[in-house]
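**Student:** mind folding the following:
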Amino acid sequence: MAKRGKKYLESRKSVSPGQRYEFTEAVKLAVASSYAKFDETFDVSVRLGVDPRHADQMVRGTVVLPNGIGKDVRVLVFAKGEKEQEARDAGADYVGNEDLIGKIKEGWLDFDKAVATPDMMGSVGKIGKILGPRGLMPNAKTGTVTFDLARAVSELKAGKIDFRVEKAGIVHAPMGKVSFGPEKLIQNLAAFLDMIVRLRPSTSKGVYLRGMAVSTTMGPGVKIDVATVKDLGK
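**Tutor:** The predicted model follows:
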């Protein structure tokens, strides 16, 4: 096990091992426990009562966080013809077709999200082995393969995130920056958790929200009593 630094150990003292905190208290505690000199990312992990090995229990979706994620998202759009101008007007950082595909083949990857019109996917598929492992491949299920480029680009710029459950039944997602403060982070978490609940598979039996924790980039994890989450959206 890696040796922890003095600052981490100090921040860890404020969190009781094994204790599950009331939701808002947990968020405030995690924010207060951050100590890095940079603006740390605030993350959430949710353990779900699903078995993602079964296709009908896969939880995957997108949500636009009301306060964004505190990051300038660089959006690339694969399009041609008049759709190129639509993408530029929507605020896309990079727009093109075969020229961009060529640059990516040569190793250029200076963007955070990629969108493509459906008629471009035949060409974009040629770089799927490059984009896929990095989570950059446009996908119709997350709304990034579409002719509605104005909406797709604006949502990504506004803080749209995509998420999916991992093999262990856990969903990880960034909820913003420590500098947002507890109130805005709670608003983002409420939107995210509302979507998680909406996406509950009909085949998921028993308890759905089984565990939850929040943390900052460098700080300790703070476990949440999931029973205190149900009224968040109100």
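**Student:** CA atoms for contacts and neighbours, from now on please.
**Tutor:** Fine.
**Student:** let's verify residue 76: helix, strand, or coil?
**Tutor:** What DSSP: H, G, I helix; E, B strand; the rest coil gives for residue 76 is strand.
**Student:** my guess is it meets residue 117, correct?
**Tutor:** No - taking contacts as C-alpha atoms under 8 Å, residue 76 lies outside contact range of residue 117: 11.6 Å.
**Student:** for the residue in the chain sticking out farthest from the centre, grab phi and psi.
**Tutor:** In the chain, the residue that sits farthest from the middle, by C-alpha atoms, centre = their mean, is residue 81; the gap is 31.2 Å. Note on residue 81: its backbone torsions stand at phi 70, psi -140 [degrees, to the nearest 10].
**Student:** helices of the protein, residue ranges please.
**Tutor:** 6-12, 23-32, 82-90, 98-105, 121-124, 128-131, 149-158, 182-198 (DSSP state H).
**Student:** by mean pLDDT, show me the worst of those helices.
**Tutor:** Note on the helices of the chain: lowest mean pLDDT is at helix 6-12, with a mean of 55.
**Student:** returning to that earlier point: looking at the helices of the chain, which is nearest to residue 64?
**Tutor:** helix 149-158 (6.6 Å; C-alpha to C-alpha).
**Student:** what distance separates that closest one from the centre of its chain?
**Tutor:** 15 Å (C-alpha atoms, centre = their mean, to the nearest Å).
**Student:** could you give the angle of that helix to helix 82-90?
**Tutor:** Per axes from the mean of the first three to the mean of the last three C-alpha atoms, to 10 degrees, the angle that helix 149-158 makes with helix 82-90 is 30 degrees.
**Student:** got a list of contacts for helix 149-158?
**Tutor:** 64-65, 67-68, 72-75, 83, 86-87, 89-92, 113, 115, 117, 143-144, 146 (C-alpha atoms under 8 Å, 6 or more residues apart in numbering).
**Student:** out of the helices of the chain, which is closest to residue 57?
**Tutor:** helix 182-198 (12.6 Å).
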